[in-house]
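> Sharing a sequence plus its predicted fold:
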Amino acid sequence: MDELLRRGLRQVRAKFVSHTWEMSRRAVIAQVFTSVVVQEFKASPAARCQTRSRVLHPLQQQLGDLDT
């Protein structure tokens with residue numbers, strides 16, 4: 001299961017530039033507060049939400065079957 005998860009993450013990560021992926025990873029996977037993420041990346045909260053959404057959707061599509 002862990003290997004499938006890692007492979008799915010790698011496949012989705014390859015679709016995004018590192019800045020986009022890292023901002024989303026910090027917010028979603030590492031569960032860092034929005035205020036910290038936007039400060040680290042010098043982004044607005046709206047930009048962080050948009051980035052999260054752009055990454056989370058394909059990630060859920062790729063890994064959705066792992067929940068069952």
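Arrived safely, thanks for sending. Numbers count the residues shown, from 1 in each chain.
> Kindly export stretch 28-36 (C-alpha atoms) in CSV.
What follows is the C-alpha trace of stretch 28-36 in CSV, where atoms were taken according to Å, rounded to 0.1, in the frame of the first residue of the first chain:
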residue,chain,number,x,y,z
VAL,A,28,-2.3,19.4,2.6
ILE,A,29,0.2,16.6,3.5
ALA,A,30,2.2,18.4,6.2
GLN,A,31,-0.9,20.2,7.4
VAL,A,32,0.9,23.5,7.9
PHE,A,33,-1.3,26.5,8.7
THR,A,34,-2.4,28.6,5.7
SER,A,35,-0.8,31.7,7.3
VAL,A,36,2.5,30.0,7.5
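> okay, and for the chain, where does confidence drop off?
Scanning the chain with the threshold set as pLDDT under 70 gives 1, 65-68.
> 50 instead?
68 (pLDDT under 50).
> Work out which residue lies at the spatial centre of it.
With distances taken as C-alpha atoms, centre = their mean, residue 24 lies nearest the centre of the chain, 3.4 Å away.
> hang on, isn't that one packed against residue 50?
No. Distance between residue 24 and residue 50: 10.1 Å, which falls outside the contact criterion (C-beta atoms under 8 Å). Any C-beta I mention is one placed from the backbone N, CA and C, and that applies to glycine too.
> measure residue 56 to residue 33 for me?
Using C-beta to C-beta, to the nearest Å, one gets 17 Å for the distance from residue 56 to residue 33.
> Ignore what I typed, I meant residue 60.
On the measure of C-beta to C-beta, residue 60 and residue 33 end up 22 Å apart.
> Appreciated, that's everything.
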